[in-house]
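>>> any chance you could fold what I've pasted below:
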Amino acid sequence: MKIYTRTGDQGTTALFGGDRVSKTDARIAAYGTVDETNSYIGLARSLAADQPGFDRLDAHLSTIQNDLFILGADLATPSEARAKTARVGDEHVARLEESIDSLQDELPELKQFILPGGTPTSSVLHVARTVCRRAERLVIAAAESENISPAATIYLNRLSDYLFVLARWANRVQGGTEHRWQGTT
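Modelled structure (predicted):
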């Protein structure tokens, strides 16, 4: 299979189901940013290799990367398209919430804001979190003009919370320091 098709040379791309839209379409921006989030998670996985807690962290992030592929396909498939694809749903959100609760049980209570950073793995997870927040905003914008499942927004909202907690957990397990914000409280 060739990687290039030349079908996008005029600035359009195909959605699942066959419709062609501009590469600047809100739906394309949304799932492109989901893909960017996924890439940063892949970077975090590679940085965590051979670090304390790697097996557990890698298992978490592998699941998330697969979920993000489902979400990307969901966003690339208009609800009225004949193409059938997996969709993000309540079970994906519930799994994130369970993971957040489990990881938080292992962390000291957060009593003030912390600055993004810490170990390289933790730092990249913070970047993934901020890109995830941008993806969430873009999905909300796309949903203003297109029929997009509300579950997509809910999943991304919960994922950004999860990535924050996971960044704190990775930082702690890998021996990093949390730097607290020095602003007024």
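
>>> the residue lying closest to D161 once chain neighbours are set aside: neighbour count?
Of all residues not flanking D161 in the chain, I100 sits nearest, at 6.0 Å (CB to CB, 6 or more residues apart in numbering). C-beta here means a position set from N, CA and C on the backbone, and glycine is covered the same way. Burial of I100 is recorded as 18 neighbouring residues (other CB atoms under 10 Å).

>>> and for K2, the neighbour number?
Every residue meeting other CB under 10 Å relative to K2 is counted, giving 5.

>>> how about it, secondary structure?
Following DSSP: H, G, I helix; E, B strand; the rest coil, K2 is assigned to coil.

>>> residues contacting it?
Counting by CB atoms under 8 Å, 6 or more residues apart in numbering, K2 makes contact with nothing.

>>> which stretches of the chain form helices?
In the chain, the segments counted as helices under DSSP state H are 26-48, 54-75, 90-104, 120-143, 150-173.

>>> residues contacting the fourth one, please?
Read that as helix 120-143. Counting by CB under 8 Å, 6+ apart, 26-27, 29-30, 33-34, 36-37, 40-41, 43-44, 47-48, 51, 57, 75, 116-117, 148, 150, 152-153, 156-157, 159-160, 163-164, 166-168, 170-171, 174, 176 sit against helix 120-143.

>>> hmm, try it at 7 Å
26-27, 29-30, 33-34, 36-37, 40-41, 43-44, 47-48, 51, 75, 116-117, 148, 152-153, 156-157, 159-160, 163-164, 166-167, 170-171, 174, 176 (CB atoms under 7 Å, 6 or more residues apart in numbering).

>>> in TSV: the helices of the chain, plus distance to G183 and mean pLDDT.
Listed next are the helices of the chain as TSV, based on distance: least, CB to CB, whole Å; pLDDT from 0 to 100:
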stretch	distance to G183	mean pLDDT
helix 26-48	26	94
helix 54-75	30	94
helix 90-104	23	96
helix 120-143	18	97
helix 150-173	18	96
